[in-house]
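Colleague: compute the structure for the input listed below.
(2 chains)
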Amino acid sequence: MEIKRPKIKSMKHEDFKDNEYIDQLVAELNAAGTNVVVGKLDQLLNWSRSNSLWPFCFGTSCCAIEFMCLGAARYDMARFGFEVARNSPRQADYIMCQGTITYRMAPALLRLYEQMAEPKYVIACGGCTISGGPFKNSYCVVKGVDEIIPVDVYMPGCPPRPEAMFYGLMQLQRKIKASKFLGGDNRKEDRKKFFEAKAAEEKDAAMRAEQMRLARESKAPVLE
Amino acid sequence: MADIQEKIGALCPEAQFDTSGELLLVIVPDEKWHALAKALKEELHYDYLTALVGMDWKDSLGCMYYLTNTDTQEMLHVKVSTTDRENPRLHTVSDVWAVANYQEREVYDFFGIVFINHPDMRRFFLRNDWVGYPLRKDYDDSPELNPLRLNPEENEDDTFSLIEEADGTLKRIDKKVFGPEEYVINVGPQHPSTHGVMRYRTSIDGELVKKVDVVSGYIHRGIEKLCEGMSYQSTLLYPERLDYMAAHMNRHAVCLCLEKALGIEVPHRAELIRMMMDELMRLSSHLLSYGCLTMDQGATTAFFYGFRERELIYEIFDKTCGARMSMSYSTIGGVVKDVHPDFIKDVRHLCAVMPDKLKEYHKLFTGNVIAVGRMKGVGILSKEDAINYAITGPSGRASGVHCDVRKCHPYSLYNEVEFDEVLLESGDSMDRYMVRMKEMEQSVKILEQCCDMLEKEGIEGEYCAKVPKMIKLPAGHWYQQVEASRGAFGVYIESDGDPKPFQKPYRMHFQSPCFNLVGVVDLTCKDNLFADLISITASIDYVIPDIDR
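Modeller: Reported below is the predicted structural model:
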């Protein structure tokens, strides 16, 4: 089966600028070649998955209010199949991080992410979640949620307008539609790599902190 | 002022006075402070602790206490300090004003001041394994000391008190928050009904709540420290991200405070526009609170009704300010831009539809048997407790406390418009809900009068006073409060009069109403059903980023 450009109903390819990530996914799919039967089954799966995405609303501040507007009558995200906002991570398809993540919150976020069932996606919504936003210089704000968990879609704004949120959510749909679940989806491996790299970084940081503490205590430079 | 000064002088001969600022400043040594605090409350009726600001003056650490007499609305402030930076200690006043309990924990968290005789000295916002006290001027913020930790906090049940014995020696007593016989249920931090990332540890007996331990700080972003590194104009960004449902009011408060310090006269039109924005924001906030309160009790339709009208308000904001939320509209000296040509028309339309919609809300929810059963007589907060815990805003007025800053300490143009302060008596969840519904009517009334006033002014006019590009404040401190959606929002600014061209605030403190509101959760939920915890907290209606700052 040929996948040159994924055909997505209601979404024209030209409408989306800056699609390198999805184009790259499609290129990978094309390079590997796809079996007709499996490809069709994939399409069916992708179609059903992408049109019934249940959000897990991890709202810590302002962006959560805009997300509520998205659920209300004027914007009505039910049109896209997003409306079943879950309060339990176990029932959700993607986690929507809205608002600043602080040092105290970080362990809870990681745990919630781990509790989600596969396949799971992450959306970083708003400036604070992407990079720390206006609170970047603070002593207890995580500088971007991608320091803790891997992110699929970034939605800039403070907070993003509902239209921008829709764009981000549709990008996620698009990404799912262009992926291959049967034989060859290596999201799990990517994720494993992500967390292994994080663990190594953390170990390094812990070691440095320990050295610094020792140096402080002895008031002398640590040798060897 | 001289009268009060004499009376305080008689109560505490060691007290020194400073009348150069906007309010009377009383400087008291720490040993005499507790006795004076008691006398101030009992004899001079200063029963409302408006704000408690922790301070680091480099050579000393201490606190500023802003006190209000709820009968006469007179204010004064007291300065208590200690020069010991290694082991700073002050006497607690949490037994005099109950609100000081959490406020002092905040000061301990930020400055490391241990309060003698305080019942529960734990950190309030930061992790209990945090190193250092971030708001001290000599704080070391290197990431090696406080890295991003992904392990859960340990020993969160441990706390201590520093008790002063009769002979003056101090004894540290380590204790636990919950005893071994208590059954503790955790609610939050990620729970849909806590309206954000608030966490409660509740001890229950069967279905009844016995004690609620508030664990806050899950959205503590260190705004006060951030402000100390920016120019005054830049700090305006933060207050509207505190309580995002009172964005205009919070920003208004900071602008008023800076204008007071600089002595800037704001054009009449600018004040009028600001006031209209404040009232629109109040409407929007109360509509959200209506929607959330109803949804928490299962009435999802009502939530959609509330949001339908909020979109009208958002549209007005969008046209004039260019954003739906985080509008950044007020600025020092006025507003950023004149209003959109459609502004008056849109506001009039909103005022015209609101009365009918309010009737619809009442029909849908207010008389409902389930709503009445879950709210009437539940979560009662008495008037005395409300004052003692410094509860303001709709929740305070539901308990019958005359606390509307628009009436008590009129600012902006609230003197020129007619409106009533909604006061109810019983202080249960139902009354807190009803105060909001009635306040919406008052907001509409104010908006209608404002529309007339703005029409008289014409389509265009002067909307911002001339303000120097580089703002430099003389040395001193100022306090300004406004009525935000959830109560009195106060701003404390201290300047050291730094002669450098790029002056930064020496200290900025935001006294948020929600911080006080969360202090009564334990009191109001006690001996109520566990399921009612949700409806009580929804009726108290706090916004978490406002608590955590």
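Colleague: residue of chain A nearest chain B, please.
Modeller: With CB to the nearest CB as the measure, residue A:72 is the residue of chain A nearest to chain B, at 3.5 Å. Where C-beta positions appear, they are placed from N, C-alpha and C, glycine not excepted.
Colleague: domains of chain B?
Modeller: Here the domain parsing of chain B from automatic domain parsing is B:2-141+B:154-162, B:223-548.
Colleague: and what of chain A?
Modeller: Using automatic domain parsing, the domain parsing of chain A gives A:52-173, A:186-219.
Colleague: which of those sits most buried?
Modeller: Counting by mean count of other CB atoms under 10 Å in any protein chain shown, domain A:52-173 has the highest mean neighbour count of the domains of chain A, with a mean of 21.
Colleague: is the helix or strand hosting residue B:319 positioned near chain A?
Modeller: Using DSSP states H and E, residue B:319 falls within helix B:300-321. Yes - counting by CB under 8 Å from any CB of the partner chain, chain A has neighbours in helix B:300-321: B:303, B:304, B:307, B:308, B:310, B:311, B:314.
Colleague: what sits closest to the last one if chain neighbours are left out?
Modeller: Yep, that's residue B:314 we're talking about. Excluding the flanking residues, the one nearest residue B:314 by CB to CB, 6 or more residues apart in numbering or on different chains is residue B:324, at 4.6 Å.
Colleague: any regions of the chain where pLDDT drops low?
Modeller: Assuming you mean chain A. A:1-19, A:21-22, A:25-26, A:28-36, A:182-187, A:216, A:218-224 (pLDDT under 70).
Colleague: sorry, should have said chain B
Modeller: For chain B, the stretches with pLDDT under 70 are B:1-2, B:192-194.
Colleague: which strands or helices does the helix holding residue B:319 pack on?
Modeller: Counting contacts by 3 or more CB pairs under 8 Å, 6 or more residues apart in numbering or on different chains; DSSP states H and E, helix B:300-321 packs against helix A:63-71, helix B:268-296, helix B:343-361.
Colleague: just the buried positions in that helix, please.
Modeller: Within helix B:300-321, the residues that count as buried by 16 or more other CB atoms under 10 Å in any protein chain shown are B:302-318, B:320-321.
Colleague: same thing with stretch B:163-178?
Modeller: Across stretch B:163-178, burial judged by 16+ other CB under 10 Å covers residue B:177.
Colleague: contacts for it?
Modeller: B:89, B:91, B:116-117, B:120, B:122, B:157-162, B:184, B:201, B:203, B:211, B:213 (CB atoms under 8 Å, 6 or more residues apart in numbering or on different chains).
Colleague: now the closest residue to chain A within chain B: closest residue in space that isn't a chain neighbour?
Modeller: Residue of chain B nearest chain A, by CB to the nearest CB: residue B:307 (3.5 Å). Leaving aside its sequence neighbours, residue B:307 sits nearest to residue A:72 (CB to CB, 6+ apart; 3.5 Å).
Colleague: so how far is residue A:136 from the residue of chain A closest to chain B?
Modeller: Look at residue A:72 and residue A:136: by CB to CB, to the nearest Å, they are 31 Å apart.
Colleague: what is the burial count for residue B:416?
Modeller: Residue B:416 is flanked by 14 other residues according to other CB atoms under 10 Å in any protein chain shown.
Colleague: ok, it - contacts?
Modeller: Residues near residue B:416 by CB under 8 Å, 6+ apart: residue B:453.
Colleague: I'd guess it is in a helix, am I close?
Modeller: No - remark: residue B:416 does not belong to a helix; assigned using DSSP: H, G, I helix; E, B strand; the rest coil, it is coil.
Colleague: residues contacting the closest residue to residue A:64 other than its chain neighbours?
Modeller: Sequence neighbours aside, residue A:98 is the residue nearest to residue A:64 in space, at 4.8 Å (criterion: CB to CB, 6+ apart). Neighbouring residues of residue A:98 by CB under 8 Å, 6+ apart: A:57-64, A:66-67, A:125-126, A:129, A:159.
Colleague: and if you look at residue B:227?
Modeller: Applying CB under 8 Å, 6+ apart to residue B:227 gives the contacts B:235, B:238, B:505, B:508.
Colleague: excluding its backbone neighbours, what's nearest the first one?
Modeller: In space, and not counting its chain neighbours, residue B:235 is closest to residue B:227: 4.5 Å by CB to CB, 6+ apart.
Colleague: so does the longest helix belonging to chain A get close to chain B?
Modeller: Across chain A, the longest stretch assigned as helix under DSSP state H is helix A:187-218. Yes - between helix A:187-218 and chain B, judged by CB under 8 Å from any CB, the touching residues are A:202, A:205, A:206, A:208, A:209, A:212.
Colleague: separation between the first one and residue A:106?
Modeller: Translated: residue A:202. Residue A:202 sits 12 Å away from residue A:106, going by CB to CB.
Colleague: which residues are common contacts for the two?
Modeller: Common neighbours of residue A:202 and residue A:106, using CB under 8 Å, 6+ apart, are residue B:150.
Colleague: now the nearest residue to residue B:501 once chain neighbours are set aside: which helix or strand?
Modeller: Spatial nearest neighbour of residue B:501, excluding adjacent residues (CB to CB, 6+ apart): residue B:470 at 5.5 Å. Here residue B:470 sits in a region with no helix or strand, counting by DSSP H and E.
Colleague: do I have it right that residue B:470 meets residue B:500?
Modeller: No - if you go by CB atoms under 8 Å, residue B:470 and residue B:500 don't touch, sitting 9.7 Å apart.
Colleague: the more surrounded of those two?
Modeller: residue B:470 (12 against 8).
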